[in-house]
Each structure stands twice: as structure tokens, then as C-alpha cells.
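Chemist: Pasting a predicted model and its sequence here:
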Amino acid sequence: MRAQSIIILREMFPRWSGIVGAIGNSGQGNSTVLARFANLDGSARWSFLTTRDPDILHRLMRAVAGMGIFHQDENGAFALTRLGTTLRSDADPSMRSFVLYHHEFVYPSMGEIISSSKSATPGFVKVFGMPFYQFAKENDEAAELFNDFINQNTRFVVPALVSAYDFSNCDRVVDVGGGTGALLSSILAEHETIFGTLFDLPSAIQAAKSGAGGPLPRCELVSGDFFSDKIPHGDTLILKSILHNWKDEKALKILENCRRAVEPDARLLLVERLVGPPNELSDAHYLDLNMMIMNMAQERTEEEYSHLLSSAGFRYSRTFSTESPYHILEYAAQ
């Protein structure tokens, strides 16, 4: 319900920062509201918005203020909070695509969780008629939203990932399924002697070429499918938030393809959330249910990941904690 309230307001006022009050009637039972739109540089503009019932709008905004998205002052006026600014499309990074992705795809699919649990069919398939990745290939808007969701999510955690692992002795880093290149962009900016390769589907590579993930100097951009196409060679491969999208048999195919791309002792860095010990609830448990209803995929424990990697020809080296929900698991090619 919280997300739905935010979505309604996002649809009505995509750049909204404050509201003054109802000031008239536009006819046909609709009231006109004067709202102040703020830009991130501090400038502002005013606009008239139409709603059938200002009281409904007020109640929505009052509820969202309770979430910390707005602040309501003593005069009853609302203003966007620092947290609220992250929902704007021009925020850097922005949570807008995260909210929209969950609203459009995850929440409708979650409604099928009981039938999915009984039939082992993803809730997404029951709602949309086909697997998510097929749907994204056939729907440009869905692909664009998904790519931006992944890009913005990565941008939130990039500083924590780059500071947690020493990339200085890498020669060529290949980000497999790296989306628009946000993580690779940060690595290349931090280490000027490293070369990079971004490998992903054409829609993601096209977005990367437009600069969606940031500058990519000394970087080759390669379109391909990590199941069937040859993965570019490098001494360090990165798989961030990839394996949790797939069941074991599919995840193993990706890893076997990665193993063919590297020489012995090359590194593979797995960046994932980890399911913790029994009886200890974590974000990974909730995300695990999301992955189940979206793609019958799963979050895993460190031991489960290491078993998969070992089956594909990689030996475990060490695990790095980060100042984020993610861990970096380092493996070496055998």
C-alpha cells in the first residue's frame, strides 16, 4: 500500500516539491490545486494541477509524509524531503525506476505466490503470459525500465563495492551482464591502468553507449548472451546480481561459459546478497521470495554459491563484506 500511494503521487506530480492549497474550480466537478515544482538547483516554477477531490490528494500526501517522503508543516503545506528527492528522475542516483519496476512487475506477480508455490510456475508468467526476460526482449519500455532499475540500484552500492575490493592488480576486468556499466565505470575511474569490457544484451549496451551508467574509458562494449555467446577474455570477471536470477542448472551454464573465457588462476568476483544462518531474517530472505515469483530463481547462502562455482571449475578464495547489502565472493579458475 505504501508503494501504491507513492506511485499515485508520482504519476500526478513527477517533479513535485510543495503544495499551497485548493484555489478554485475547473468545472466538471474538478478542483484546481496550485503546486510548486522545485528543481535540484534550487530554482522553482509554479503550475496548476487538476484533481476531482483535493481531500483525497491531501490524505494520500499525509500518508506519504508519514513515510518520510514529504514533510507537512504547521500550516498544512507539504514539502519534499531529502528521502523524497531520490524518487525524482533527475536525482543521482534515483529510486524512481526501483519503485516503478516493483509496481509494474513484482507486486502483480506477488499476488500469485500461493499458486506459484503449488505449481512451480513463476507468478510473472501467470500474470504476463511469458517469462520476464522474454517479456523484456519483446517490450522496449520494459527493457528500458529494467535496465534503469539495475543501473540505479548499482549506483547506490558502487562506492561500497569499489572500496571493499582492491582492483589495482587487475589488467582487464570483464563485467558479465554488467547492464549499463555503472560498476565498471567506477572501477575504471578509480584505476587508470585497468582496461574493461562490458558484456550484456544489446538493449543494455545501447544504453551504456549513451552514457547511462557513466563514462567508460579504455572499455570495449560487447553485445551478447551469457548463455550462448562467447564471453570476452579477461583476467578478472565480475558477475553482479546475475546468478540469483536463475535456478541452479541455468546458473551453472553461465558459470561454465565464464570458465571457458579465462585462463587458470583468473579471478571471478561474485557480487550477491547472501542468505544468512537459519532463524535469522534478512533482506535476502524477502528478495529470495521476489526471485521465486519473478523467475523461479533464488538467493543463496555462501556455501550454496561455492558449490555451484566448484561444479563449474572455480575454487573459493575469500569473501569480502561491504558497506552495503552485498558481499564480494572471490574465486579462482582451476
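Modeler: Noted; the coordinates are in hand.
Chemist: What sits closest to the residue nearest to the spatial centre of the chain if chain neighbours are left out?
Modeler: Centroid check for the chain by Cα atoms, centre = their mean gives Ile150 as the closest residue, at 3.2 Å. Closest residue to Ile150 apart from its sequence neighbours, by Cβ to Cβ, 6 or more residues apart in numbering: Gly179 at 4.5 Å. Yep, even glycine has a C-beta here, placed from its N, CA and C like the rest.
Chemist: what does Pro93 give?
Modeler: Arg155 (3.8 Å).
Chemist: so what secondary structure elements neighbour the stretch of helix or strand the one you found belongs to?
Modeler: For Arg155, the host element (DSSP states H and E) is helix 140-164. Using 3 or more Cβ pairs under 8 Å, 6 or more residues apart in numbering; DSSP states H and E, the elements in contact with helix 140-164 are helix 96-101, helix 132-138, helix 182-190, helix 202-209.
Chemist: Could I get the average pLDDT for stretch 303-316?
Modeler: Stretch 303-316 shows a mean pLDDT of 98 in the predicted model.
Chemist: buried residues in that stretch?
Modeler: Within stretch 303-316, the residues scored as buried using 16 or more other Cβ atoms under 10 Å are Tyr305, Ser306, Leu308, Leu309, Ala312, Gly313, Phe314, Tyr316.
Chemist: Which members of these are the farthest-apart pair?
Modeler: Greatest spatial distance among the buried residues of stretch 303-316 (Cβ to Cβ): Tyr305 and Gly313, at 14.4 Å.
Chemist: hmm, back to that, residue contacts, the residue nearest to Pro93?
Modeler: Asp92, Pro93, Ala182, Gly213 (Cβ atoms under 8 Å, 6 or more residues apart in numbering).
Chemist: List the residues that contact the last one.
Modeler: Right, the one you point to is Gly213. Gly213 neighbours (Cβ under 8 Å, 6+ apart): Asn151, Thr154, Arg155, Gly179, Thr180, Gly181, Ala182, Leu184, Ser185, Ala207.
Chemist: Let's see the PyMOL selection covering just the buried ones among those.
Modeler: Listed next is the PyMOL selection for buried residues among those, using 16+ other Cβ under 10 Å:
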select buried, resi 151+154+155+179+180+181+182+184+185+207
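Chemist: From the contacts of Gly213, pick the one nearest Val64.
Modeler: Scanning the contacts of Gly213 for proximity to Val64, where the rule is Cβ to Cβ, the winner is Arg155, at 23.9 Å.
Chemist: quick one: least confident helix or strand in this protein?
Modeler: strand 16-27 (a mean of 39; mean pLDDT, DSSP states H and E).
Chemist: Next, the residues that contact the host helix or strand of Gly84 from outside, please.
Modeler: Taking DSSP H and E as the criterion, Gly84 maps to helix 82-85. Outside helix 82-85, the residues that touch it by Cβ under 8 Å, 6+ apart are Leu40, Gly68, Ile69, Phe70, Ala91.
Chemist: Out of those residues, who's the most crowded?
Modeler: Among these, the one with the most neighbours (other Cβ atoms under 10 Å) is Phe70, at 24 neighbours.
Chemist: Return the distance of the helix holding Arg155 from the chain's centre.
Modeler: Centroid separation between helix 140-164 and its chain, computed with Cα atoms, centre = their mean, to the nearest Å, is 5 Å.
Chemist: Report the next helix or strand after that helix in sequence order.
Modeler: With elements assigned by DSSP H and E, the helix or strand that comes after helix 140-164 is strand 172-176.
Chemist: Now stretch 183-199: buried residues?
Modeler: Quick answer for stretch 183-199 (16+ other Cβ under 10 Å): 183-188, 191, 194-199.
Chemist: got a pLDDT number for the residue lying closest to Leu289 once chain neighbours are set aside?
Modeler: Distances taken as Cβ to Cβ, 6+ apart put Ile113 closest to Leu289, at 7.1 Å, once the chain neighbours are dropped. For Ile113, the pLDDT comes out at 94.
Chemist: nearest spatial neighbour of Pro108, skipping sequence neighbours?
Modeler: Nearest one to Pro108, counting by Cβ to Cβ, 6+ apart, is Val127 at 4.8 Å.
Chemist: List the residues that contact that neighbour.
Modeler: By Cβ under 8 Å, 6+ apart, the neighbours of Val127 are Pro108, Ser109, Gly111, Glu112.
Chemist: Narrow the residues you listed to those in helices?
Modeler: Pro108, Ser109 (DSSP state H).
Chemist: Surely Ala312 and Val262 touch.
Modeler: No - applying Cβ atoms under 8 Å, one finds Ala312 not in contact with Val262, separated by 11.2 Å.
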